[in-house]
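K.L.:
structure for the following, please:
(4 chains)
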Protein chains: 2
Amino acid sequence: MSAEDERPDLAAMLHPLVRELIAVELPILADHGVSMWGYSVLTALDGTPVRTQAALAEAIGADKTRIIATLDELQDAGLITRIPDPDDRRVRLLSITPKGTRIRRAVRSDIRTREDQLLSALPAADRRAFIRILRTLHERG
Amino acid sequence: MSAEDERPDLAAMLHPLVRELIAVELPILADHGVSMWGYSVLTALDGTPVRTQAALAEAIGADKTRIIATLDELQDAGLITRIPDPDDRRVRLLSITPKGTRIRRAVRSDIRTREDQLLSALPAADRRAFIRILRTLHERG
DNA sequence: TATTGTTATACTCTATAACTATA
DNA sequence: TATAGTTATAGAGTATAACAATA
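P.N.:
The predicted structure is shown next:
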């Protein structure tokens, strides 16, 4: 049996990494006053408005019932707009506001700084390869 | 702003990957009659007995109260032994049984097959690099 | 009747704290 | 008194189903 066969399962390696990343992100998000789901929504809306809440929910891998409280908070904080479509008043047209864009990008910048620290355990070439491969896997999904 | 700066956050790429892996693993685990935590315990015990339940819990990133039901199930199914240490009857000596070892390795083999399918979207060199880098990050933790 | 968004309910997971038995 | 294991309780997060408004 080769050493490769003895490696931990992918999930056993990836899951702790995700937990570590979440632990790193939570205080950053708290500093900027947004939740994890809120940041996820802002990220999805930055650059591309979305026509229905259900479509937004699917885009970020959530249930449509799960993001309603999040949208309420973001709207109350002035980070998104949520206006009924005049053509079909059942649907809500969702957009990020300038303030929402500012916050989203500030959060992303802080997260990127911490990610770089975390990846600094790797040689530069591996760092680049890891991100490139991860993007391939992500875009494939 | 370069394309690299526009990449999704690490967590945004890794989290869906973990969810996909879990979705792939759950039916495999069900086929073999073990839970995710059960498999995690069997993996930790395969090759190295553990002296206390608290140590085992910490090794797999769980709370000591969270694995008790799992240990009950594994013991009832004959996959582990849990015997009081004669030298200190508060502690339970935990070991995997031959049956537990068989099941653990069968599960791992099935999971590996599905992981390979998932990674088949990558060129062979990237596949090897991804796993190698992941192991570095994992062992660093 | 079908669809969008919303609310309500129940269920699962997890964390915290109390309890027991040994030391 | 301190520690290993256990049990009980409460809380957060999630999923399902029912509901209201609009088409």
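K.L.:
residues from chain A in reach of DNA strand C?
P.N.:
Residues of chain A that fall close to DNA strand C, judged by Cβ under 7 Å from any atom of the strand: A:Thr52, A:Gln53, A:Ala54, A:Ala55, A:Lys64, A:Thr65, A:Ile68, A:Leu71, A:Arg90, A:Val91, A:Arg92. (C-beta placed from N, C-alpha, C; glycine too.)
K.L.:
longest strand anywhere in chain A?
P.N.:
Criterion DSSP state E: the longest strand present in chain A is strand A:88-96.
K.L.:
which outside residues touch it?
P.N.:
For strand A:88-96, the external contacting residues (Cβ atoms under 8 Å, 6 or more residues apart in numbering or on different chains) are A:42, A:45-46, A:49-53, A:56, A:71, A:79-85, A:104.
K.L.:
and those residues, which of them are in strands?
P.N.:
The members of these that map onto strands under DSSP E are A:Ile80, A:Thr81, A:Arg82, A:Ile83, A:Pro84, A:Asp85.
K.L.:
the helix or strand where A:Ile28 lies and DNA strand D in contact?
P.N.:
Using DSSP states H and E, A:Ile28 sits within helix A:10-32. No - applying Cβ under 7 Å from any atom of the strand, one finds helix A:10-32 out of contact with DNA strand D, separated by at least 9.6 Å.
K.L.:
let's see the pLDDT reported for A:Glu4.
P.N.:
If you check A:Glu4, the pLDDT there is 48.
K.L.:
do the one 3 residues further on as well
P.N.:
Note for A:Arg7: predicted pLDDT of 95.
K.L.:
so it is in contact with B:Thr136, correct?
P.N.:
No - taking Cβ atoms under 8 Å as the contact criterion, A:Arg7 and B:Thr136 are not neighbours in contact, 11.5 Å apart.
K.L.:
ok, the residue nearest to the spatial centre of chain A - contacts?
P.N.:
When Cα atoms, centre = their mean is applied to chain A, the residue found nearest the centroid is A:Ser40 (3.8 Å). By Cβ under 8 Å, 6+ apart, the contact set of A:Ser40 is A:Ile60, A:Ala62, B:Ala12.
K.L.:
let's see that with 6 Å instead.
P.N.:
A:Ser40 makes contact with A:Ile60 under the criterion Cβ atoms under 6 Å, 6 or more residues apart in numbering or on different chains.
K.L.:
SS state for it?
P.N.:
In the three-state summary, A:Ser40 is assigned as helix, counting by DSSP: H, G, I helix; E, B strand; the rest coil.
K.L.:
state the distance from it to A:Thr97.
P.N.:
In this structure, A:Ser40 lies at 17 Å from A:Thr97, with Cβ to Cβ, to the nearest Å as the measure.
K.L.:
what's the local residue count around A:Ala30?
P.N.:
When counting by other Cβ atoms under 10 Å in any protein chain shown, one arrives at 10 neighbours for A:Ala30.
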